[in-house]
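Peer 1: sequence first, predicted model second:
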Amino acid sequence: MQTHSPNKTAIRPAHDALKVVVAVIAGPDGPLIATARTLPRWRRLTPLALWATVSIRHASRDEILRGLAALLARQDVHAHQLILLAEGKAARAALELALQGTLDCAAILAIAVPCAALPFPIVPTAVAVRLVVDCEDASADLITALRAADIDARIIRLSPAANHDTRTAASATETFVLELVANASR
């Protein structure tokens, strides 16, 4: 009969971190937050993630879906390993795709996304939704719909005074980037 010493701990094999890809959707809007100054910092802060750019000319749904499908194939990853980061019109189009159940990914981080009402009901989804917005109270229909839906959604709402302060928006975005990469890496 073997005895087990309570002072010894079992040695467990190290688990490899899950490969995570952060896809920066570069759309027709110029980046406000995900700029050449902030992206290198976020890359350094998330060594477990591979960063890639998906360039699109228009914020069309088909163009986003094709670009992301090509990225997943190139990187040999599954949709649950993909985090989307987008701004403006491209962010709104990608967010709508995810909320309709058309686009599968681990998470989407939408920055400066238009907050108009969604033209459809939100379907149940496992996609984590993070928004950094500066919506006025009167145009916050998107935020109201997200809060009413049974999904993992968090929103950082910047004050109108912070609208022109890209450092505040970048800091809020960075917080979400770190959280989403850590969660998707598990």
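Peer 2: Received, thanks. Numbering: from 1, shown residues only.
Peer 1: pLDDT score for the residue nearest to residue 159 when sequence neighbours are not counted?
Peer 2: Computed as C-beta to C-beta, 6 or more residues apart in numbering, the closest residue to residue 159 that is not its neighbour in sequence is residue 134, at 7.5 Å. No exception for glycine: its C-beta is placed from N, CA and C like everyone else's. Confidence at residue 134, expressed as pLDDT, is 80.
Peer 1: residue 134: how many residues sit nearby?
Peer 2: By other C-beta atoms under 10 Å, 19 other residues sit near residue 134.
Peer 1: so it sits against residue 158, correct?
Peer 2: Yes - contact criterion C-beta atoms under 8 Å: residue 134 and residue 158 qualify, at 4.4 Å.
Peer 1: give the residues shared as contacts by the two.
Peer 2: Contact criterion C-beta atoms under 8 Å, 6 or more residues apart in numbering; residues shared by residue 134 and residue 158: residue 169.
Peer 1: report the separation between the residue nearest to residue 159 and residue 186.
Peer 2: Remark: distance between residue 134 and residue 186 (C-beta to C-beta, to the nearest Å) = 31 Å.
Peer 1: same thing with residue 41?
Peer 2: 23 Å.
Peer 1: do residue 69 as well
Peer 2: Separation of residue 69 from residue 186 (C-beta to C-beta): 25 Å.
Peer 1: which residues in this structure form strands?
Peer 2: With DSSP state E as the criterion, the chain has strands at 20-26, 49-55, 82-87, 107-111, 128-133, 153-157.
Peer 1: within the sheet, what are the partner strands of the first one, with directions?
Peer 2: Which is strand 20-26. Counting by DSSP bridges, the strands paired with strand 20-26 are strand 49-55 (parallel), strand 82-87 (parallel).
Peer 1: please apply the same query to the last one.
Peer 2: The strands that strand 153-157 pairs with in its sheet are strand 128-133 (parallel) (by DSSP bridges).
Peer 1: what does the strand it pairs with rub up against?
Peer 2: Residues from elsewhere that reach strand 128-133 (C-beta under 8 Å, 6+ apart): 33, 95, 98-99, 106-113, 115, 142-143, 146, 151-158, 169, 172-173, 176, 179-180, 183.
Peer 1: and that strand, how far from the chain's centre?
Peer 2: Offset of strand 128-133 from its chain centre (C-alpha atoms, centre = their mean, to the nearest Å): 7 Å.
Peer 1: what of stretch 112-121?
Peer 2: Centroid separation for stretch 112-121 versus its chain: 17 Å, with C-alpha atoms, centre = their mean.
Peer 1: and for it, what's in contact with it?
Peer 2: By C-beta under 8 Å, 6+ apart, stretch 112-121 touches 29, 32-33, 87-89, 91-92, 95-96, 99-100, 131-136, 139-143, 145, 169.
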